[in-house]
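okay, sequence plus prediction incoming.
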Amino acid sequence: MSLTRILTSAVVALGMAGAAVAEDKTKVGFIYVGPIGDGGWTYEHDQGRLAVEEHFGDKVETVYQESVPEGADAERAITQMALQGADLIFTTSFGYMDSTINVASKFPDVKFEHATGFKTADNVSVYSARFYEGRAIQGHIAGKMTKSNVIGYIASFPIPEVIRGINAAYIHAKAVNPDVEFKVIWVYTWFDPPKEADAATALIDQGADVILQHTDSTAPQAAAEKAGVISFGQASDMSEYAPLPRVSSIIDNWAPYYVARTQAVIDGSWESTETWDGIAPGMVEIGEISDAVPEDIKAEALAMKDAIASGEYHPFTGPLNKQDGTPWLAEGEVADDGTLLGMDFYVEGLTAEIPQ
Amino acid sequence: MDLSSINPTLLLASLIVASTPILLAALGELVVERAGVLNLGVEGMMITGAICGFAIAVNTGSPFVGFIAAAMGGATLAFLFAILTQFTLANQVASGLALTLFGLGLSALLGQGYQGIKPPATASLDIPILSDLPVLGPILFSHDLMVYLALALVAAVWFVLNRTRAGLILRAVGENHGAAHALGYKVIRIRILAILFGGACAGLGGAYLSLVRVPQWTEGMTAGSGWIALALVVFASWKAGRVLLGAWLFGGISVLQLNLQAAGVAIPVEYLSMSPYLITILVLVIMSADKSRAPGSLGRTFHASD
């Protein structure tokens, strides 16, 4: 949020309050967990914001605040945005869930959209993408590409979203390479480049030759490049690191969703919804698979992408056991969304424990 | 659990790299506080140094020039603080906090267009023969120049503060600026020099992040290192040697806990994650059981009329 923007809105509020109402611009706010220049998660949300501006032109005004800590401060930031007259507010991180619900109860006329959460209200929708579909494909490539059979995974927080990603990647790496082993490091942050770089280095020091990440910066790519191992773009293409170490990527494309929801507010047709879209509608995209990946592996990965998009294949298809050996999915059985959304267990074969 | 997958040599080598940024920043702040000034803007000066060093290194192709620019960038920002607190007698705590916010914003502005660019590699100083030594080589003799500079700076700061007349004057200014003034020492001038030195050190620390440790430019990439450096100075009870120990301890445990996680050690990850903060503070608190205390005039505004 720039100073000029604060000043402008203050002027609007004070001097031209009547005119502003008459103008009837729809104001859309965004709360970001990192800086828009992170090159990953927040960067893609901001691309969605820019798409809203481009699509609606003068009809819409957008505001945003970067690097809002998850916790009490988030509530203050969201409240402030609502007080500034936002009609629709997107809060774009899991940790904003309770803050969003709290603020929403105080502003019944403002619409809220919380990314990756599960709590809704009359004026709170939740939306997320099925990143695990993308991670299954990355897992396949990772399993095929590793020579040391050690794959390093930089994980942020032990929430279902992240655990689901680890499981999806592991299942598909294991399917093509039975000897594969996952080493997971929890860094307890979404965005801390030095820490992410250190985590990547620690994994590489311990023999990993493929790095997967579920944190937002491109620092692990830089560390992988230095050590000559491969990695995958996370949330954004991160194509500046192609063809090596970045050999493919998962891209979050929020733009169509943001445009559609803004349209709904303008039309007055907005309702509280729960959206969880994947590769098929384009909310999850697979970035170009670089030439560093052999043709046949690339073809397999793309075939899997098509199968997931057409609904022919679900990344969590049995037979699958939980980590302790108890059966989870029978042969051919597909995991239901409820289990996936609350996933708090590793699948069989993953070592170490999930932090509780 | 597979502890054998942790290579102690690589661990110690990455410890030294991981601790260098906070070591540099904390060392600079140590001198500033010894002169009686509390500058809470370390984070802001670090991130400004990170982008100045990065931008200049990319444009000139020389990391060396980049580091010089980083020191100058950090010092320039510190000069702003010096003007505010030494001439206009602004509150040091508020000015320092403002400096951090300003530095974060300024660096984001300067950094437009530098995202996703690779900096020129900082050559590691492979000392012949020594760096080929089996275990000691990788740990001690295969780093870049900045690591050795940081270590030399620790020795220099210790020596100047404790063994030279200049150091004695600086400490006198920090302990009791009224008395130092009465003796004819230029309190303001000495403090400004200390503040500039602190800024230059913080700038170097920031550039070490963006040019060596990460290496790339991302907004907000210091992610709190400046605050850790500040805390380190207090817990090291304003002693150069303990700042080094604290930085190594913090960097070492940070790296170790990541390695332990990767090796699948059965300690809950939450404990591992907070261990660098806890252990560093604990060790330094135990060590500071002696009578050392903060400089007497720390954080107090000086004016010759007082």
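Arrived safely, thanks for sending. Please read these numbers as outputs of a predicted model, since none were measured by experiment.

B:W217 contacts B:I51, correct?
Yes: if you go by CB atoms under 8 Å, B:W217 and B:I51 touch, sitting 6.2 Å apart. Using the backbone N, CA and C atoms, a C-beta is placed for each residue, glycine as well.

overlap in contacts, these two.
Residues touching both B:W217 and B:I51 (CB atoms under 8 Å, 6 or more residues apart in numbering or on different chains) are B:G111, B:Y114, B:S210.

tell me how many other residues crowd the closest residue to the second one other than its chain neighbours.
Using CB to CB, 6 or more residues apart in numbering or on different chains and skipping residues adjacent in sequence, the residue nearest B:Y114 is B:W217, 4.5 Å away. The burial metric for B:W217, expressed as a neighbour count using other CB atoms under 10 Å in any protein chain shown, is 28.

from A:G37, how far off is B:W217?
9 Å (CB to CB, to the nearest Å).

overlap of the contact sets of these two?
Residues touching both B:W217 and A:G37 (CB under 8 Å, 6+ apart) are B:G111, B:Q115.

considering the shared contacts of B:W217 and B:I51, which possesses the most neighbours?
B:S210 (34 neighbours).

so what's the residue count around residue 38?
Using chain A here. So A:D38, with other CB under 10 Å, has 30 neighbours.

actually, chain B is the one I wanted.
Close neighbours of B:L38, defined as other CB under 10 Å, add up to 20.

check what pLDDT the residue lying closest to it once chain neighbours are set aside gets.
Excluding the flanking residues, the one nearest B:L38 by CB to CB, 6+ apart is B:G299, at 4.1 Å. We have a pLDDT of 89 for B:G299.

which SS class is B:G299?
B:G299 carries the three-state label coil when classified by DSSP: H, G, I helix; E, B strand; the rest coil.

that one touches B:N39, doesn't it?
No: using CB under 8 Å, B:G299 is not in contact with B:N39, being 9.7 Å away.

need the residues touching each of those two.
Counting by CB under 8 Å, 6+ apart, the residues touching both B:G299 and B:N39 are B:Q92.

tell me the phi and psi of A:D277?
When read as degrees, to the nearest 10, the backbone of A:D277 gives phi -110, psi 160.

what sits closest to A:I171 if chain neighbours are left out?
Nearest residue to A:I171, sequence neighbours excluded (CB to CB, 6+ apart): A:V347, at 6.0 Å.

do the same with B:V32
B:G198 is the one closest to B:V32 (CB to CB, 6+ apart), at 3.8 Å.

got it, and A:P160?
A:M343 is the one closest to A:P160 (CB to CB, 6+ apart), at 4.4 Å.

pretty sure A:G318 sits against A:L329.
Yes: the pair A:G318 / A:L329 is scored as a contact, 3.1 Å apart, by CB under 8 Å.

who has more neighbours out of these two?
A:L329 (19 against 15).

one step back: need phi/psi at the residue nearest to B:L38.
phi 80, psi 0.

who in the stretch 51-200 of chain B is up against chain A?
Contacts of the stretch 51-200 of chain B with chain A, taken as CB under 8 Å from any CB of the partner chain, map to B:A108, B:G111, B:Q112, B:Q115, B:G116, B:I117, B:K118.

from those residues, which would you call buried?
B:A108, B:G111, B:Q115, B:G116 (16 or more other CB atoms under 10 Å in any protein chain shown).

per-residue pLDDT, the residue nearest to the third one when sequence neighbours are not counted?
Yep, that's B:Q115 we're talking about. Once flanking residues are discounted, B:Q115 sits nearest to A:G37: 5.3 Å by CB to CB, 6+ apart. Note for A:G37: predicted pLDDT of 80.

am I right that A:G37 is in contact with B:G116?
No: using CB under 8 Å, A:G37 is not in contact with B:G116; the gap is 9.4 Å.

let me know whether my guess that B:L10 is in a strand holds.
No: assignment of B:L10 by three-state DSSP gives helix, placing it outside any strand.

sorry, back to before: okay, B:G299 and B:N39: which has more neighbours?
Neighbour count, other CB under 10 Å: between B:G299 and B:N39, B:N39 has more, with 29 against 17.

how near is the more buried one to B:I83?
13 Å.

swap in B:I253?
Distance, B:I253 to B:I83, by CB to CB: 39 Å.

looking at the two, which one has more neighbours?
Each of B:I253 and B:I83 has its neighbours counted (other CB under 10 Å); B:I253 has more, 21 against 14.

that one in helix, strand or coil?
helix.

and the closest residue to it other than its chain neighbours, which helix or strand is it part of?
Excluding the flanking residues, the one nearest B:I253 by CB to CB, 6+ apart is B:P276, at 4.2 Å. For B:P276, the enclosing helix or strand under DSSP states H and E is helix B:269-287.

contact partners for residue 137?
Chain wasn't specified; assuming chain A. With CB under 8 Å, 6+ apart, A:I137 has these contacts: A:H172, A:S248, A:I286, A:A301, A:M304, A:K305, A:I308.

that was the other one, I meant chain B.
B:L130, B:S131 are the contacts of B:G137 under CB under 8 Å, 6+ apart.

that one sits in which helix or strand?
Using DSSP H and E, B:G137 falls in helix B:136-140.

the one helix or strand A:E54 maps to packs against which elements?
Taking DSSP H and E as the definition, A:E54 sits inside helix A:41-56. Helices and strands touching helix A:41-56, by 3 or more CB pairs under 8 Å, 6 or more residues apart in numbering or on different chains; DSSP states H and E, are strand A:26-31, strand A:60-65, strand A:246-252, helix A:255-267.

what count of nearby residues applies to residue 230?
I'll assume chain A. Neighbours around A:I230, by other CB under 10 Å: 25.

I was thinking of chain B, sorry if that wasn't clear
B:L230 has 23 nearby residues by other CB under 10 Å.

quick check, pLDDT for it.
pLDDT at B:L230 comes out at 93.

phi and psi next, for it.
B:L230 adopts backbone torsions of phi -60, psi -50, taken as degrees, to the nearest 10.

these two touch, right, it and B:V42?
Yes: between B:L230 and B:V42 there is a contact under CB under 8 Å: 5.3 Å.

any common contacting residues for these two?
B:E29.

give me the secondary structure label for A:S217.
Assigned with three-state DSSP, A:S217 falls in the coil class.

excluding chain neighbours, give the residue nearest to the closest residue to chain A within the stretch 1-150 of chain B in space.
Closest to chain A within the stretch 1-150 of chain B is B:G116: 3.8 Å, counting by CB to the nearest CB. Nearest residue to B:G116, sequence neighbours excluded (CB to CB, 6+ apart): A:E240, at 3.8 Å.
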